[in-house]
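> Sharing a model prediction with you, sequence too.
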Amino acid sequence: MAKKKIPTTGTENLKARLKRNLLNLFPPYWGTGARAVFLSSDSKEVQIKLPLFWRTRNYVGTIFGGAIYAAADPIYMIQLIELLGKKYVVWDKSASIRFLRPGDKTLYARFLVSDELLDQIKTDVAKKHEIDLTLDVDFVDLEGVVYAKVSKVLYIADKSFYKTKKANRNKE
């Protein structure tokens, strides 16, 4: 029987594979127990795999909720920094996680950023100078059963606006 895989929307070139491998070697991410298994060449899709093993196992033998959160934590922020470029500031602002069932097997998450979302972000930031954006990701098994839902709130601002705001805040 062939091993089931999560479908992808793009391709992964050598540069994307190198970035993916660097993320996996970055000590804080490596420590989560998760592995980035796919990074599209355009950075619009990232897939991660979070296995149940000694580093991710909690007291009752399922995946530790902190491992699920930590596996998701940097991904959307890194994607948006890459996709929006140097004219924008992107920060993680808050997050929440909802556990739907115990993670008793390897879980996967797929982070997608569409062209429409990027256009909307740019339009909203052009109008308001700064926005809070909520993005969600599900942790699923290979059959698509959802085990946890992570919701991230990201702060995105025009870089020049942000610098002015920060300078004014520092004067107070």
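Ah, there it is.
> what's the offset of whichever strand or helix holds Y155 from the middle of its chain?
Under the criterion of DSSP states H and E, Y155 resides in strand 146-158. Relative to its parent chain, strand 146-158 has a centroid offset of 8 Å by CA atoms, centre = their mean, to the nearest Å.
> Mind listing the strands it pairs with, and their directions?
strand 88-99 (antiparallel), strand 130-140 (antiparallel) (DSSP bridges).
> Next, the buried residues of it.
By neighbour count on 16 or more other CB atoms under 10 Å, the buried set for strand 146-158 is 147-150, 152, 154-158. Backbone N, C-alpha and C define where each C-beta goes, glycine included.
> Kindly report the same for stretch 136-145.
137-141.
> now do the same end-to-end measure for stretch 138-153.
15 Å (CA to CA, to the nearest Å).
> What lies in contact with it?
Residues outside stretch 138-153 that contact it (CB atoms under 8 Å, 6 or more residues apart in numbering): 4-6, 50, 63, 65, 68-69, 71-73, 76-77, 92-103, 105-110, 132-137.
> What about G65, how many residues nearby?
Counted with other CB atoms under 10 Å, the neighbours of G65 add up to 14.
> pLDDT on the strand holding Y155, on average?
Mean per-residue pLDDT for strand 146-158: 98.
> can you check stretch 29-47 too?
On average, stretch 29-47 scores 94.
> so how far is it off the chain centroid?
Distance, centroid of stretch 29-47 to centroid of chain: 8 Å (CA atoms, centre = their mean).
> cool, and stretch 128-142?
8 Å.
> and the nearest residue to G10 once chain neighbours are set aside, how many neighbours?
Closest residue to G10 apart from its sequence neighbours, by CB to CB, 6 or more residues apart in numbering: S40 at 3.6 Å. For S40, the neighbour count with other CB under 10 Å is 20.
> now swap in the one 4 residues further on and tell me
As a burial measure, the neighbour count of K44 was computed by other CB under 10 Å and equals 19.
> quick one: it and G10 touch, right?
Yes. Counting by CB atoms under 8 Å, K44 does reach G10; the two are 6.7 Å apart.
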